[in-house]
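>>> Dropping a prediction and its sequence here:
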Amino acid sequence: MGYKDVYAAWKADPEGFWMEQAQAIDWDEAPKQALFDRGDHLYEWFADAKVNTCWNAVDRHVEAGRGEQTAIIYDSPITHTKREISYVELRNRVATLAGALRAKGVDKGDRVIIYMPMIPEALEAMLACARLGAIHSVVFGGFASNELAVRIDDAKPKCIIAASCGLEPGRVVHYKPLLDGAIDMAKHKPDFCVIFQREQEVAHLEEGRDVNWHGFQYGVQPAECVPVEGNHPAYILYTSGTTGQPKGVVRPTAGHLVALNWTMKNIYNVDPGEVFWAASDVGWVVGHSYICYAPLIHGNTTIVFEGKPVGTPDAGTFWRVISEHKVRSFFTAPTAFRAVKREDPNGEFIRKYDLSQLRAVYLAGERADPDTIEWAQKMLGKPVYDHWWQTETGWTIAGMPAGIEALPVKIGSPSVPMPGYDIQVLDEAGHPMKPGELGAIAVKLPLPPGTLPTLWNAPDRFKKSYLSHFPGYYETGDAGMIDEDGYLYIMARTDDVINVAGHRLSTGGMEEVLASHPDVAECAVIGVTDQLKGQLPMGFVCLTSGVNRPHDEIAKECVKLVRDKIGPVAAFKLCAVVDRLPKTRSGKILRATMVKIADGEDFKMPATIDDPAILDEIKLALQGLGYAK
């Protein structure tokens, strides 16, 4: 069956399609029904089933005789450490940790916050919670105390599992003082904290509250897997909300298992036993779905990488890891590739390594600009697939179904909708747009298994955020179009479609043009307020290493390029060369914050910002263009 047949089979019988995929999961009580309509556009999948995530991710592979297969490869260029953990070793470690948590009172339904760097113990903590039916909430390691406190008060954890520190190139991030500060600020106090002491920094333990990761596990009875209902939350993952209050995305257990297992072969085209690598962090949804859960559920080997695309030690780190560990499918963010391209534009590091095992590269997390994809295709000689999804969905909305059929790649498009997603492009009134017309991207309800059924403790906010604008649809918050062949194009966040004198223009389209300039390594376009035209586009460009030409000359060329390619209608006259762009730690450019600075509005420092000092540089650049007064 090709892609069109599979998609048509899902459309003809959505419940039958997902019941068939559910057969790949080990159930304590198999589902008798796929979809449960709870009314008012709310749905649940496999709610009548009983199942355990940890059993499906770990124990069943051991029971099937594959216990000696490597489950996790830990590769840390920062600490010069590499080690492998087999499935049987992983099961024993997780069962012991779960037993120790249970002995201190952690039960099914209790919340546990995990605040850890990229080490295997982070995955073990997640799996130990899943083993007990406890609901974990991973908070990106090194997050500021006040942001962690907000999450403590929302999730009300019985316990927090943390590491003493995280490591960045050239510096130690002190987690324990941040954790102590967060607990001081929070109204809710955890019963206890488990601290994994890293040799790079041994933290002070608070008597009566903190226990040592190793010490508290001595002599405990390993825990068995606790079956939970299909609609039981596996985890809560906080995503930044527009109000400044984080939104707790809830992930339901059964749908999560079924959907993620399906994606590993059908999208990422790997077979059990093969090595899969997602170069992300456990604090993000990619880390949950594709470092921890999906590869292990499917019986793959997953890589936990503690390093950066450049600087640990150089721009060849990705290729070393892929070559050394025989990675079959590699998943990263476009921003990582842009960093590598900026340091190594001619791909000299790539030629040092044997990448023959690699089948394909997958990009997600933000829009993949054509220039970056073309560079990667040319340098690697491998298929490079953009794909699009969200924290809320947990897996691909639109992508390349490489394990079903490798369709032609259309640069600038994340390809086609996956089974489960009926994607529509709507105008403001909710009417479908014609092929090629720019509009709001929405998904017809119900969403497929594994996607969010609600927000933690915020059902009204869930409806307001996602369901109220287009009744009967899930509003993605992204804007784009679908072409005549059914390929989707994500052009911008809905907020990033700017209105210049009545013309709706995509900032993404302008970024595409700027990125094609030979000296530009990375760029962003925002819409700033203009008295005459409503909004005007403004570009920021970062240059490739080694470019020494005058900045105003390059800025003029960029302006001309946009005017030549998009036309005078774009009214593109404002462009600044900057060293860096303000980003979140996951690599998303903070365009909305840049707009507020340009327009002289008050803004809240984004919790996820990688380096707040960059905003001062942006402000100076804006002032040079006559803004941010």
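Great, that's in hand.

>>> Checking the spatially closest residue to Val285 that is not a sequence neighbour next. Helix, strand or coil?
Excluding its sequence neighbours, the residue lying closest to Val285 (CB to CB, 6 or more residues apart in numbering) is Thr391, at 4.3 Å. Just so you know, the C-beta spots here come from the backbone N, C-alpha and C atoms, and that holds for glycine as well. Secondary structure, DSSP: H, G, I helix; E, B strand; the rest coil: Thr391 is coil.

>>> Could you give the number of residues near Thr391?
Neighbour count of Thr391, defined by other CB atoms under 10 Å: 19.

>>> cool, and Thr81?
11.

>>> Likewise for Gly16?
With other CB under 10 Å as criterion, Gly16 counts 11.

>>> Could you pull up the contacting residues of it?
Ala34 (CB atoms under 8 Å, 6 or more residues apart in numbering).

>>> Now do it against Ala125, distance only.
37 Å (CB to CB, to the nearest Å).

>>> The residue nearest to Val285 contacts Ser240, correct?
No - counting by CB atoms under 8 Å, Thr391 does not reach Ser240; the two are 9.3 Å apart.

>>> ok so, going back, and the pLDDT at the residue nearest to Val285?
Per-residue confidence (pLDDT) for Thr391: 93.

>>> Same check on Lys533?
Looking at Lys533, its pLDDT is 77.

>>> Could you verify my assumption that it touches Ala571?
Yes - judged on CB under 8 Å, Lys533 makes contact with Ala571 at a distance of 6.1 Å.

>>> Compare neighbour counts for these two and give me the winner.
Using other CB under 10 Å as the criterion, Lys533 and Ala571 rank with Ala571 on top: 21 against 15.

>>> How about the contacts made by the more buried one?
500-501, 533, 536-537.

>>> got it, and Thr253?
Going by CB under 8 Å, 6+ apart, Thr253 touches 51, 53, 228-234.

>>> do that again at 10 Å, thanks
Contacts of Thr253 were listed using CB atoms under 10 Å, 6 or more residues apart in numbering, and they are 46, 49-53, 56, 130, 133, 135, 227-235, 450.

>>> ok, now Glu475?
Taking CB under 10 Å, 6+ apart, we find Glu475 in contact with 426, 430, 440-443, 465-469, 494.

>>> same check, this time on Leu35
For Leu35, counting by CB under 10 Å, 6+ apart, the contacting residues are 14-15, 18-19, 43-47, 255, 446, 448-449.

>>> Got the phi and psi for it?
phi -110, psi 140 (degrees, to the nearest 10).

>>> Look up how far Val250 lies from Trp284.
Distance of Trp284 to Val250, given as CB to CB: 16 Å.

>>> So which of these two has more stuff around it?
Trp284 (24 against 21).

>>> Setting the sequence-adjacent residues aside, check what's closest to Leu148.
Spatial nearest neighbour of Leu148, excluding adjacent residues (CB to CB, 6+ apart): Ala182 at 3.7 Å.

>>> circling back to that earlier point, Ile236 is in contact with the residue nearest to Val285, correct?
No - if you go by CB atoms under 10 Å, Thr391 and Ile236 don't touch, sitting 11.1 Å apart.
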